[in-house]
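**Student:** Structural data only, the sequence is not supplied:
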């Protein structure tokens, strides 16, 4: 009798219903997460540990110290530094001005200023060697990648969303077209784009041939390779941002657009003055989502350029992958993964904090 | 929806952009339908190669009869299919419990599961690799499929869904003495069908397209999924026997997701909108 009433109880049912999921969740997500942190505190060579399980050595923060490359710390002014200084100063000045104008909506301005400074510093500023360990090169490459992909994707997707936010077959078809590339796997995307960029038989080369222009070798030129990867990634990921922007635009009350049109706001002015401020939260959200997502870039670099030429397109996750599976240093690789996670958490926290501030 | 007419130049620019957007995929499909010996000379035969003239199905016939491609395709089907099935079972059950059963420990376990949403594959793949290696479990289909079942996104979606179902629907069954098993099976699951459909499609898509985990876990070619297999053959890009066959493999690798996209586009869009709505 007592057993059957226990079997009927909410406590038993609750745990019985979540048990199948927990059987997957605990060993395959929760445990590896902490295990990764634990591994990052060891000198842990995959091959050595396979033959002798006690071959791992606890070194505490040793891997992190190695990662930060403190003994190779270097700093130098980059080429064109006065120009970079002026651009950064200009952005800060604009930011201060916008703060004075609208304090109520200040948080969006903080955000925009943050992104702008981030973009400026990465793109225009610290393009030289920060530190001379490889890790910092791949971190810089990842930042450059994110700093290009996110603003470009966001801008294209936002403009498309504004144009395609309407009924009718034309808009519906085009929405599908732009979204379509999103569903392809990274291996298919890189397959297609490798061929598009091909120096001999590539699509771009074919296009240029009648004009007698020889196509540059997009993927093996250290000036062009990163741009080529960025372009392919933008092609791949615009659809995702587009869908989220369309969802955001649906929330704008029609009267507001109506009123703006009656007031004579047209074209660009309407976009900038009415539409963008109305969905500024969606824009922030989509940008943060993309930053977190694109920090994890791997396939494009691994498959299109193998990180090359040199390390010109090597990225964070690919370096983790190489360190763990080519050099067998899983402890050191775990430390890199932990730092990557901290970075992504930082952006998620910013998002959380921004939404919180806006709601209150 | 905005009802005002767009200026004509905007319509033209956006339409052109859409055409440009489609060209890479069209080109891949078109090249896969042209003879290999032609492609070794030129990839711009008719209209920059965008029209498959001369037309042939030899490339598809070749990859389906020789080589590992059919095997990889089957592996992907089995891996994506089984992880989708398991995700559906575990997350509808857990979602129901988190949303509608008051049990001791719920307030601790559910936030923990939600925190798992923040952990990307790239952060846990090394410990996962080491763990499965300890169990000697690499190069097997369950190992390829299982880590996806642990991802909390399905539980999150189903919990949100079940939370919104009004209590009145459950009340009557309660009074008749139905237990949670009965309510779950005969009341909740039928209601959840559209949501389960959405979850199934996006899980299948992500699983089919997954690259990092099968890359580290499957070392033997007969356990490759189609994504890893395709990556492997494009590695020998320059000396590959035929561009046409390579492109045909790409088309084949995309076929299931393209079919899903054409039939279930609405569900996919909804799935993306919901799963980002944390």
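**Tutor:** Cool, the structure landed. Please read these numbers as outputs of a predicted model, since none were measured by experiment.
**Student:** Distance-wise, check the closest residue to chain A within the stretch 51-200 of chain B relative to residue B:183.
**Tutor:** Ranked by C-beta to the nearest C-beta, the top residue of the stretch 51-200 of chain B for proximity to chain A is residue B:103, at 2.6 Å. Glycine gets a C-beta too; all of them are placed from N, C-alpha and C. Taking C-beta to C-beta, to the nearest Å as the measure, residue B:103 falls 15 Å from residue B:183.
**Student:** Please apply the same query to residue A:87.
**Tutor:** Distance from residue A:87 to residue B:183, by C-beta to C-beta: 62 Å.
**Student:** what do you get for residue A:161?
**Tutor:** 41 Å.
**Student:** Also residue A:27?
**Tutor:** From residue A:27 to residue B:183 the distance is 30 Å (C-beta to C-beta).
**Student:** pLDDT score for the residue most central in space within chain A?
**Tutor:** Nearest to the geometric centre of chain A sits residue A:294, at 2.3 Å (C-alpha atoms, centre = their mean). Note on residue A:294: pLDDT of 92.
**Student:** just residue A:130 next, same as before
**Tutor:** 44.
**Student:** Quick check: the residue of the stretch 151-278 of chain B nearest chain A.
**Tutor:** residue B:209 (3.6 Å).
**Student:** Let me see the ranges of the helices in the stretch 101-250 of chain A.
**Tutor:** Using DSSP state H, counting those that start in this stretch, the helices of the stretch 101-250 of chain A run over residues A:106-120, A:134-164, A:169-180, A:186-197, A:203-208, A:225-249.
**Student:** Would you reformat the ones you listed as TSV and include distance to chain B?
**Tutor:** TSV is the format used below for the helices of the stretch 101-250 of chain A (distance: least, C-beta to the nearest C-beta, whole Å):
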stretch	distance to chain B
helix A:106-120	18
helix A:134-164	5
helix A:169-180	4
helix A:186-197	4
helix A:203-208	4
helix A:225-249	5
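**Student:** from those, which stretch is densest packed?
**Tutor:** Of all those, helix A:186-197 carries the top mean neighbour count, a mean of 25, counting by mean count of other C-beta atoms under 10 Å in any protein chain shown.
**Student:** what's it packed up against?
**Tutor:** For helix A:186-197, the packing partners by 3 or more C-beta pairs under 8 Å, 6 or more residues apart in numbering or on different chains; DSSP states H and E come out as helix A:203-208, helix A:225-249, helix A:299-300, helix B:8-32, helix B:226-235, helix B:243-275.
**Student:** follow-up on the earlier one: hey, least reliable of the helices of the stretch 101-250 of chain A by pLDDT?
**Tutor:** helix A:106-120 (a mean of 61).
**Student:** returning to what we had before: out of the helices of the stretch 101-250 of chain A, which comes closest to residue B:13?
**Tutor:** Nearest of the helices of the stretch 101-250 of chain A to residue B:13, taken as C-beta to C-beta: helix A:134-164 at 8.6 Å.
**Student:** and the angle from that closest one to helix A:169-180?
**Tutor:** 170 degrees (axes from the mean of the first three to the mean of the last three C-alpha atoms, to 10 degrees).
**Student:** what's around the spatially closest residue to the residue of the stretch 151-278 of chain B closest to chain A that is not a sequence neighbour, how many residues?
**Tutor:** Excluding the flanking residues, the one nearest residue B:209 by C-beta to C-beta, 6 or more residues apart in numbering or on different chains is residue A:185, at 3.6 Å. Residue A:185: 26 surrounding residues under other C-beta atoms under 10 Å in any protein chain shown.
**Student:** Could I get the phi/psi values of residue A:185?
**Tutor:** phi -80, psi 160 (degrees, to the nearest 10).
**Student:** same question, residue B:57
**Tutor:** Per-residue torsions, residue B:57: phi -110, psi 10 (degrees, to the nearest 10).
**Student:** so it touches residue B:33, yeah?
**Tutor:** Yes - with contact defined as C-beta atoms under 8 Å, residue B:57 counts as touching residue B:33 (7.1 Å).
**Student:** Which residue of the two possesses the greater neighbour count?
**Tutor:** The neighbour comparison of residue B:57 against residue B:33 (other C-beta under 10 Å) goes to residue B:33, with 20 against 11.
**Student:** And the pLDDT at that one?
**Tutor:** At residue B:33, the pLDDT value in this model is 91.
**Student:** so what's the backbone phi/psi at it?
**Tutor:** The phi and psi values for residue B:33, taken as degrees, to the nearest 10, are phi -100, psi 10.
**Student:** How many neighbouring residues does the closest residue to it other than its chain neighbours have?
**Tutor:** In space, residue B:33 comes closest to residue B:52 once its chain neighbours are excluded; the distance is 3.7 Å by C-beta to C-beta, 6+ apart. A count of neighbours around residue B:52, defined by other C-beta under 10 Å, yields 19.
**Student:** my guess is residue B:52 meets residue B:30, correct?
**Tutor:** Yes - using C-beta under 8 Å, residue B:52 makes contact with residue B:30 at a distance of 4.6 Å.
**Student:** Relative to residue A:37, how far out is the nearest residue to residue A:275 once chain neighbours are set aside?
**Tutor:** In space, and not counting its chain neighbours, residue A:275 is closest to residue A:162: 5.9 Å by C-beta to C-beta, 6+ apart. Between residue A:162 and residue A:37 the distance is 44 Å, computed by C-beta to C-beta.
**Student:** which SSE is the residue of chain A found nearest chain B in?
**Tutor:** Residue of chain A nearest chain B, by C-beta to the nearest C-beta: residue A:14 (2.6 Å). Secondary structure assignment for residue A:14, by DSSP states H and E: helix A:10-25.
**Student:** picking up where we left off before, for the closest residue to the residue of chain A closest to chain B other than its chain neighbours, helix, strand, or coil?
**Tutor:** Distance criterion C-beta to C-beta, 6+ apart; nearest residue to residue A:14, sequence neighbours excluded, is residue B:103 at 2.6 Å. Classification of residue B:103 by DSSP: H, G, I helix; E, B strand; the rest coil places it in coil.
**Student:** Can you list the residue ranges for helices in the stretch 251-360 of chain A?
**Tutor:** A:254-262, A:267-270, A:276-278, A:280-295, A:299-300, A:316-325, A:330-359.
**Student:** Between residue A:27 and residue B:183, which is the more surrounded one?
**Tutor:** Using other C-beta under 10 Å as the criterion, residue A:27 and residue B:183 rank with residue B:183 on top: 19 against 16.
**Student:** State the helix or strand in which the more buried one lies.
**Tutor:** Judged by DSSP H and E, residue B:183 forms part of helix B:180-183.
**Student:** residues making contact with that helix?
**Tutor:** Residues outside helix B:180-183 that contact it (C-beta atoms under 8 Å, 6 or more residues apart in numbering or on different chains): A:10, A:13, A:17, B:96, B:100, B:101, B:170, B:173, B:174.
**Student:** low-scoring pLDDT stretches of the stretch 101-250 of chain B, where are they?
**Tutor:** Within the stretch 101-250 of chain B, the set of residues satisfying pLDDT under 70 comprises B:235-241.
**Student:** so how many other residues sit close to the residue lying closest to residue A:350 once chain neighbours are set aside?
**Tutor:** Sequence neighbours aside, residue A:288 is the residue nearest to residue A:350 in space, at 6.7 Å (criterion: C-beta to C-beta, 6+ apart). Residue A:288: 21 surrounding residues under other C-beta under 10 Å.
**Student:** residues contacting residue A:288?
**Tutor:** A:347, A:348, A:350, A:351.
**Student:** what's around the third one, how many residues?
**Tutor:** For residue A:350, the tally of surrounding residues (other C-beta under 10 Å) stands at 16.
**Student:** now do the first one
**Tutor:** Using other C-beta under 10 Å as the criterion, residue A:347 is surrounded by 17 other residues.
**Student:** State the pLDDT value of residue 37.
**Tutor:** Since you didn't name a chain, this refers to chain A. Value for residue A:37, per-residue pLDDT: 92.
**Student:** Chain B, not that one
**Tutor:** 80.
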